[in-house]
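> I would like to see how this sequence folds:
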Amino acid sequence: MAPSKRLGDIIDRKWTEQKVLRYQEELRSLATELALSEQRERRRTAQSLHDRIGQVLALINIRIGALLEWSPRRTWRIHCGRSAPRQRRRA
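Okay, here's the model as predicted:
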């Protein structure tokens, strides 16, 4: 094999190795960017769910309060997580 052919092969191989290294670095960078993007999306979804559940629970609390106010014969005393019915005294 002629020396110029071997030199050309060496140059091509080195160029190819450099190209592979650049692609590997770009792949690492893209993988990091993807992981950060996924983390931000998970955080956004969790915050949205948290806010939505908070709103639903607040509305449930308001409606339960309205139902208890509306009830003509019974009131419910809620104490330490337990509900106990209590009859109203008639006047």
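
> make it CA atoms for all contacts and neighbour counts henceforth
OK.

> which regions of this structure lie under the pLDDT threshold?
Along the chain, segments meeting pLDDT under 70 span 1, 72-91.

> for the helix or strand containing residue 56, packing partners?
Under the criterion of DSSP states H and E, residue 56 resides in helix 3-70. For helix 3-70, the elements it packs on are strand 74-79, judged by 3 or more CA pairs under 8 Å, 6 or more residues apart in numbering; DSSP states H and E.

> any idea how far stretch 54-71 is from the chain center?
On the basis of CA atoms, centre = their mean, to the nearest Å, stretch 54-71 sits 28 Å off its chain's mean C-alpha point.

> what does stretch 19-37 give?
Relative to its parent chain, stretch 19-37 has a centroid offset of 23 Å by CA atoms, centre = their mean.

> same question, stretch 8-15
Distance of stretch 8-15 from the chain centroid (CA atoms, centre = their mean) equals 48 Å.

> In CSV, please show the C-alpha coordinates belonging to it.
The C-alpha atoms that make up stretch 8-15 are tabulated as CSV, following Å, rounded to 0.1, in the frame of the first residue of the first chain:
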residue,chain,number,x,y,z
GLY,A,8,-5.4,9.3,3.6
ASP,A,9,-6.9,6.4,5.5
ILE,A,10,-5.5,7.7,8.8
ILE,A,11,-6.9,11.2,8.1
ASP,A,12,-10.3,9.7,7.2
ARG,A,13,-10.3,7.6,10.3
LYS,A,14,-9.4,10.5,12.6
TRP,A,15,-12.0,12.7,10.9
